[in-house]
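Asker: pasting the structure only:
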Ligand SMILES: NC(=O)c1ccc[n+]([C@@H]2O[C@H](COP(=O)([O-])OP(=O)(O)OC[C@H]3O[C@@H](n4cnc5c(N)ncnc54)[C@H](OP(=O)(O)O)[C@@H]3O)[C@@H](O)[C@H]2O)c1
């Protein structure tokens, strides 16, 4: 049986990935089991466990905190990825790296293709782009970079769970209506990552659920699915957020899933359909 090693296995995507690889032996390593910033530990783990494939999902994802500690952001997201790519290469393993829409500046109305030029606005985006470059330069036995956006799922904290719980406690919630993206659901994303890995496909992939929303529209949809009045979600401009966010976000970081589309692959469902399923699952749990 083939084996796959997953870094950051306790994150919201990592947990879903570990459940997805059913025909594989899964080596799910959370932060405690493997800190990707320790080169020696990464090499020891990889040479001892010798997986055929590695999914590098670990990252420091606290976008605003990354602004306060760029060294840590680059250590985890860029240099940590160098260590993972070097170690994967040393054992001949395929590597799939999970990246982000925040590598783009969002200053265009068009959705980004895999061939568009990144221009990150934040430390987080820059450090993840650094990670992409490490993969491209150092992974010698096949690699993919899966850029995705606005992740949510059943496990771990995310906006869906936050809105569902805060709407109980507060009469009104404010969300920005001037940042747009594609909410993406890990239960839809994980099977695609498995397929790419199983077939050792190479290159950059944009993989998101279909459709676009602002955070305001997304939050309204969540509240509506809970049977609450959507007017309790109010629109606010990013510039009026209190306190202001430390990291600049792209205004419109919609990823066109060009490679999937041109390869004739099924695209992920519309975000509204997957949100409906997720909200039901959370409310029934
Ligand atoms: N969340 C999004 O909206 C989004 C959007 C686009 C792309 N992505 C990318 O998708 C991937 C998965 O994201 P996610 O939402 O599942 O994030 P997450 O829930 O924050 O999971 C990331 C995991 O990485 C772990 N980690 C942090 N530093 C580490 C280190 N030095 N060594 C090993 N593990 C470490 C974290 O553990 P601790 O919490 O214990 O530190 C956490 O369990 C990430 O690569 C992220 O950049 C996320």
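Answerer: Looks like it arrived, so ask away. Model, not experiment: these values are computed from the prediction. Numbers count the residues shown, from 1 in each chain.

Asker: Could you use CA atoms for every contact and neighbour count after this?
Answerer: Noted.

Asker: Tell me who's in contact with the closest residue to the ligand within the stretch 151-285 of the chain.
Answerer: Per C-alpha to the nearest ligand atom, residue 151 is where the stretch 151-285 of the chain lies closest to the ligand, at 3.8 Å. Contact analysis of residue 151 by C-alpha atoms under 8 Å, 6 or more residues apart in numbering lists 13, 158, 183-186.

Asker: In ChimeraX, how would I select just the buried ones from those residues?
Answerer: For the buried members of the contacts of residue 151, the matching ChimeraX selection, counting by 16 or more other C-alpha atoms under 10 Å, is:
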select :13,183,184,185,186
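
Asker: Which two of the contacts of residue 151 have the greatest separation?
Answerer: Of all pairs drawn from those, the greatest distance, 13.6 Å, lies between 13 and 183 (C-alpha to C-alpha).

Asker: What residues does the stretch 51-200 of the chain have near the ligand?
Answerer: 57-61, 76, 98-100, 148-151 (C-alpha under 6 Å from any ligand atom).

Asker: where does this protein have its least confident helix or strand?
Answerer: For the chain, using mean pLDDT, DSSP states H and E, the weakest element among its helices and strands is helix 159-169, scoring a mean of 94.

Asker: which other helices and strands contact it?
Answerer: Other helices and strands packing on helix 159-169, by 3 or more C-alpha pairs under 8 Å, 6 or more residues apart in numbering; DSSP states H and E, are helix 215-225.

Asker: mean confidence for the helix it packs on?
Answerer: For helix 215-225, mean pLDDT rounds to 98.

Asker: Which residues does it contact?
Answerer: 159-160, 163-164, 167, 174-177, 179-180, 183, 229-231, 233-235, 272, 275-276, 279.

Asker: ok so, going back, any idea how far residue 88 is from the residue of the stretch 151-285 of the chain closest to the ligand?
Answerer: In this view, residue 151 and residue 88 are 26 Å apart by C-alpha to C-alpha, to the nearest Å.

Asker: Then residue 71?
Answerer: Separation of residue 71 from residue 88 (C-alpha to C-alpha) stands at 24 Å.

Asker: quick one: which of the two has more around it?
Answerer: Set residue 71 next to residue 88 and count neighbours by other C-alpha atoms under 10 Å: residue 88 wins out with 30 against 13.

Asker: quick one, strands of the stretch 51-200 of the chain?
Answerer: For the stretch 51-200 of the chain, strands defined by DSSP state E, counting those that start in this stretch occupy the ranges 53-56, 94-100, 143-148, 151-152, 173-176, 180-181, 184-185.

Asker: Can you name every helix or strand that the last one contacts?
Answerer: Read that as strand 184-185. Here strand 184-185 touches strand 151-152, helix 271-283, going by 3+ C-alpha pairs under 8 Å, 6+ apart.

Asker: at 7 Å what do you get?
Answerer: In terms of contacts (3 or more C-alpha pairs under 7 Å, 6 or more residues apart in numbering; DSSP states H and E), strand 184-185 is packed against strand 151-152.

Asker: And stretch 13-24, how far out from the chain middle?
Answerer: Here the centre of stretch 13-24 is set off from its chain's centre by 15 Å, with C-alpha atoms, centre = their mean, to the nearest Å.

Asker: now it: mean pLDDT?
Answerer: Mean per-residue pLDDT for stretch 13-24: 97.

Asker: and it, does that touch the ligand?
Answerer: Yes - residues of stretch 13-24 contacting the ligand under C-alpha under 6 Å from any ligand atom: 13-14.
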